[in-house]
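>>> Take this sequence and fold it.
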Amino acid sequence: MLSGSIATRTGDTGETGLLYGGRVRKTDARVEAYGAGDEAVSALGMARALCVDADVKSHIYDLQKAMFTVNAELATAGDSRHLLEKHFPTITQDNTTELDSLLAELESKVTLPKSFIIPGGSAGSAAIDVARTIVRRTERAAVALHDSGELANSEVPRYLNRLSDTLFMLARYEDRDLPVEPYSSRDSDGGET
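Now for the predicted structure:
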């Protein structure tokens, strides 16, 4: 192995290490959860690079940092949680309350149509919508972990649920000066639903 290389080769057999020790298969539910969370962080990074509104970029950056906290929780086995809490913050109800406040602020500034919105009004909002769907997948994986007793912090799924709602509104806020592209059932079959 080269000095300083990121290639450890320890995952070549299909296993990976958790944050505070222990090895699991790369198909483990915990790895699926924090893997989806990692995808969400990257998708948010693309969204931040593509968005034009400075406030949106700032919010996305803060949300990326919060997702690192989520991912640390998802990547830590239950018997090592005390080590995580000793070294890093964890997701709390305060984090979810902050999202609620941001969501309320965005809702006060954007009027939504009474129909589904087709993503793609701009590159930035489309990227936020992609990140939102990945956060939803992360949420489903976190719920499965919690239901199986492998995720002690029940605030993580709640936070992820609220985050996806917030991202939906953040995308609409990014496009607030653009025409809305609503979906109508007439678009597909000629009739109303």
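>>> Who are the contact partners of the closest residue to residue 103 other than its chain neighbours?
Nearest-residue entry for residue 103: residue 166, 4.8 Å, with adjacent residues in sequence omitted and distances by Cβ to Cβ, 6 or more residues apart in numbering. Just so you know, the C-beta spots here come from the backbone N, C-alpha and C atoms, and that holds for glycine as well. Applying Cβ atoms under 8 Å, 6 or more residues apart in numbering to residue 166 gives the contacts 63, 99, 102-103, 106.
>>> same thing but at 10 Å, please
By Cβ atoms under 10 Å, 6 or more residues apart in numbering, residue 166 lies in contact with 59, 63, 98-107, 128, 132, 135.
>>> Residue 85 touches residue 78, doesn't it?
No: look at residue 85 against residue 78 with Cβ atoms under 10 Å: they stay out of range, at 12.0 Å.
>>> Quick check: neighbours shared by the two?
With Cβ under 10 Å, 6+ apart, residue 85 and residue 78 have common neighbours residue 153.
>>> So which residues of the protein form strands?
Here the chain has its strands, by DSSP state E, at 15-17, 23-25.
>>> Going by mean pLDDT, which of those strands comes out lowest?
Least confidently modelled of the strands of the chain is strand 23-25, at a mean of 58 by mean pLDDT.
>>> how much space is there between residue 34 and residue 82?
If you measure residue 34 against residue 82 using Cβ to Cβ, to the nearest Å, the figure is 19 Å.
>>> ok, these two, which is more surrounded?
It is residue 34, of residue 34 and residue 82, that has more neighbours when counted by other Cβ atoms under 10 Å, with 24 against 10.
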